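Colleague: sequence first, predicted model second:
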Amino acid sequence: MTKNMPKSLIRRYEEPHRKYHTLEHVNDMLTILHCFKSFLNKEDGRNLRIATWFHDAVYDPTRKDNEEQSAELARVYCKGRGIDPTEIIRLILLTKDHKVESGDIWGGLFSDLDMLYFLWPRSIYSLWVKDIREEYSHLSDEEWTKGRAKFLRELLEEPIYYTEYYYDQEKIARDNIQWELDQLTQKFDATPEEIDSWCTNYLQDIGENKENER
């Protein structure tokens with residue numbers, strides 16, 4: 001699947017800091033996309049394939065503009081081949097928050113393909129979470145837990161899937177997300193306010209014990 005893509009793009013997906021956002025992820029999406037080929041005309045199919053290839057072209061967990069930078073690389077690629085990049089760029093930018101408007105068929109499909117990992121069996125899903133954690137190794141356990149839990153809770157507040165086929169499987173994804181949230185809260189099950197209160201009470205107890213000793 002890589003023979004028609006620039007070697008510079010392939011090398012990006014082979015960067016050592018990537019554990020999940022690799023060529024395997026791209027190939028997984030392309031494989032599932034191929035199953036929908038009978039519903040796609042030539043232009044739509046091309047746009048979705050190029051968007052798949054470029055949507056994680058830039059992936060640095062310390063940055064906030066990965067999608068924008070990836071879209072720019074796609075624009076340059078399309079310009080050199082006389083392809084209108086408008087729809088491709090739009091699809092790539094959708095993966096920033098995965099919020100798709102009603103009636104956006106290809107946007108919904110593309111978002112669903114990028115979110116399929118939430119449907120994986122629990123044993124595989126847990127390995128995926130481990131890979132993502134490694135990609136965010138620059139964060140402390142507390143920072144990771146806080147940020148990841150926030151992300152997961154926000155996912156539960158919105159639709160996860162938009163195409164009919166995957167929408168019918170959304171309960172599997174929600175169960176996986178809730179399981180991961182439970183794992184996170186088991187590690188850090190006290191809120192910052194509870195920890196502060198405990199510390200205050202502990203110091204007061206120490207002070208009272210010292211007074212009694214006198």
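Modeller: Perfect, thanks for sending it.
Colleague: and this protein, what are its domains?
Modeller: As recorded under automatic domain parsing, the domains making up the chain are 1-114, 120-214.
Colleague: mean pLDDT lowest where, among the ones you listed?
Modeller: In terms of mean pLDDT, the lowest-scoring of the domains of the chain is domain 120-214 (a mean of 81).
Colleague: before we move on, the earlier item: now tabulate the domains of the chain in TSV and tack on mean neighbour count.
Modeller: Heads up, the C-betas are built off the backbone N, CA and C, glycines and all. Converted to TSV, the domains of the chain look like this (neighbours: other Cβ atoms under 10 Å):
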stretch	mean neighbour count
domain 1-114	16
domain 120-214	13
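Colleague: next up, the contacts around the most centrally placed residue in the chain.
Modeller: By Cα atoms, centre = their mean, the chain has its centre lying nearest to M115, at 7.1 Å. Residues near M115 by Cβ atoms under 8 Å, 6 or more residues apart in numbering: 98, 160-161, 173.
Colleague: swap in 10 Å and give it another go.
Modeller: Going by Cβ atoms under 10 Å, 6 or more residues apart in numbering, M115 touches 95, 98, 155, 160-162, 166, 173.
Colleague: tell me the helix or strand right after the helix or strand containing L9.
Modeller: Here L9, judged by DSSP states H and E, is contained in helix 7-13. Beyond helix 7-13 on the C-terminal side, the first helix or strand identified by DSSP H and E is helix 23-34.
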